[in-house]
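Colleague: with the sequence up front, the predicted model follows.
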Amino acid sequence: MSVKLNQIIQAIEALAPERLAESWDNVGLQVGSRQQCINRILLTLDVTADVVDEAVVKKADLIIAHHPFIFNGLKTVSCDGEKGQMIAQLIKNDVAVYVAHTNLDKAAKGLNHYLAEIIGLEKIKTLEPSNPTRYYKLVVFTPVEASHKIIEVLGKNGAGAIGDYDYCTYRSSGTGTFRPKEGAKPFIGAVDKMTSVSEDRIEAIVAAPELKNLIAALKRNHPYEAMAYDVIPLENGDLINENGLGKIGILSQPIGAVDFITEIKKRLDLKALRGAGKVPEIVRRVAICSGAGADMIGLAKAKRADVLITGDLKHHDGQRALENNIWVLDAGHYGTEKWVTDCLKQMLTAGLEDACPEMIVAESSRDFIVNY
Ligand SMILES: [Zn+2]
């Protein structure tokens, strides 16, 4: 199946918009054109010379990576250096490179949510919510007989989505009045006659990016010539927001620390697992942050996690874990982030459905850190 690169980018950014990325990061399309046709995608954690070779050999037209391929200001594309050679090889072979990094880490249903599900967490919440979306309360007035249709339009267009629920609306009944003026073509009533109608007031929250399309859809479906509606800005957007770093959740069955280690090694497919801090007797509440998340030790403790699973644990992170009276497990930077390929696969399959091109996982992307 061939699809424009632009469509693939839209499918990723529907869940992990670029605006979620950290300011120091560099995400998005790094090589190629949005107009390119894509038949085969190579998914990888890193873009190395071996990964570029693999893309060429396996005839992939697009590499989707987690870590930025171009990160620090690129000064030259000279083929005398490795980066320049890689860029030249990519362009000569029409291979595009797209990066979803901290935007994917922080997306409500991004990499950390995927990891939380792998390790069996339930009631998953964001550990450090950020990038709040502005929310509005949209109120629409409609004749009673059109209420169900209006609720359907609201839900279908993303209004009333709160946590694990959608189509959340509130309806109250009342009486609306109006007088059609000369030139009006009223659905109910007649020109120059004051009319009273039994109406419903239907309200739902809506995120700012959805608002414009939602109002247009409502106007297309509302029976009245002039739809009456209010848009009210909300102050509690952060409470609804689930974007941000890390996740926290609970295990369906609390287990002992030794069994938990065995379980995590199995679920994350790890040969080894390092740890530090206070080992709890029973593990129930678990925080997780992909990559290097030792900065989350204090927050994980504040949110009553029994353990924080992350990567890149340093000596003094271990000391901080002890001081905070919390257990920290180091599953490795690679160990927590190699799952990005499966996460992207799931996202693209859901987003593009039948139009999704073939996806392969790079065999040459591996852990740079070796245990001898
Ligand atoms: Zn990383």
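Modeller: Yep, it's here. Numbering: from 1, shown residues only.
Colleague: so Glu337 makes contact with Leu45?
Modeller: Yes: Glu337 lies in contact with Leu45 (C-beta atoms under 8 Å); the separation is 5.6 Å. C-beta: built from backbone N, CA, C; applies to glycine.
Colleague: quick one: contacts for the residue nearest to Ile326 when sequence neighbours are not counted?
Modeller: Distances taken as C-beta to C-beta, 6 or more residues apart in numbering put Lys301 closest to Ile326, at 4.5 Å, once the chain neighbours are dropped. Lys301 is in contact with 324-326, counting by C-beta atoms under 8 Å, 6 or more residues apart in numbering.
Colleague: in which helix or strand does Lys301 reside?
Modeller: Element membership of Lys301 [criterion: DSSP states H and E] is helix 297-302.
Colleague: ok, now how distant is Val42 from Leu352?
Modeller: That one is not Val; residue 42 is Leu. 16 Å (C-beta to C-beta, to the nearest Å).
Colleague: please read the previous query as pertaining to Glu145.
Modeller: Taking C-beta to C-beta, one finds Glu145 at 38 Å from Leu352.
Colleague: neighbour count: the two, which is higher?
Modeller: Each of Glu145 and Leu352 has its neighbours counted (other C-beta atoms under 10 Å); Leu352 has more, 18 against 10.
Colleague: wait, that one touches Ile12, no?
Modeller: No: with contact defined as C-beta under 8 Å, Leu352 does not reach Ile12; the gap is 9.9 Å.
Colleague: now do the helices in the stretch 101-250 of the chain.
Modeller: Along the stretch 101-250 of the chain, the segments classed as helices by DSSP state H, counting those that start in this stretch run 102-106, 111-118, 147-156, 208-221, 237-240.
Colleague: of the contacts of Lys301 - the most surrounded one?
Modeller: Highest count within these by other C-beta under 10 Å belongs to Ile326, 23 neighbours.
Colleague: residues contacting it?
Modeller: Per C-beta under 8 Å, 6+ apart, neighbours of Ile326: 277-278, 297, 300-301, 305-308.
Colleague: kindly write the PyMOL command that selects the buried subset of these.
Modeller: PyMOL command restricting the contacts of Ile326 to the buried ones, with burial defined by 16 or more other C-beta atoms under 10 Å:
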select buried, resi 277+297+300+301+305+306+307+308
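Colleague: which of the three states applies to Leu42?
Modeller: What DSSP: H, G, I helix; E, B strand; the rest coil gives for Leu42 is strand.
Colleague: okay, and the beta partners of it?
Modeller: Beta-bridge pairing for Leu42 (DSSP bridges): Ile63, Ile360.
Colleague: and it, how many neighbours does it have?
Modeller: 29.
Colleague: so it touches Ala362, yeah?
Modeller: Yes: with contact defined as C-beta under 8 Å, Leu42 counts as touching Ala362 (5.3 Å).
Colleague: now for those two: what residues contact both?
Modeller: Contacts common to Leu42 and Ala362, judged by C-beta under 8 Å, 6+ apart, are 51, 54-55, 63.
Colleague: for the ion, what are the nearby residues on the stretch 201-350 of the chain?
Modeller: 291, 337 (C-beta under 5 Å from the ion).
Colleague: rewinding a little: make CSV from the contacts of Ile326 and add distance to Lys125 to it.
Modeller: CSV is the format used below for the contacts of Ile326 (distance: C-beta to C-beta, whole Å):
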residue, distance to Lys125
Gly277, 22
Lys278, 23
Ile297, 18
Ala300, 12
Lys301, 16
Ala305, 11
Asp306, 15
Val307, 16
Leu308, 14
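Colleague: what's the closest of the contacts of Ile326 to the ion?
Modeller: Closest to the ion out of the contacts of Ile326 is Leu308 (16.5 Å), distances taken as C-beta to the ion.
Colleague: mind listing what the closest one touches?
Modeller: For Leu308, the contact set (C-beta under 8 Å, 6+ apart) comprises 286-289, 293, 296-297, 300, 321, 326-329.
Colleague: which of those fall in strands?
Modeller: Members of these lying in strands (criterion: DSSP state E): 286-289, 327-329.
Colleague: now the two most distant members of the residues you listed.
Modeller: Maximum pairwise distance in the ones in strands among the contacts of Leu308, criterion C-beta to C-beta, is 14.2 Å, between Cys289 and Trp327.
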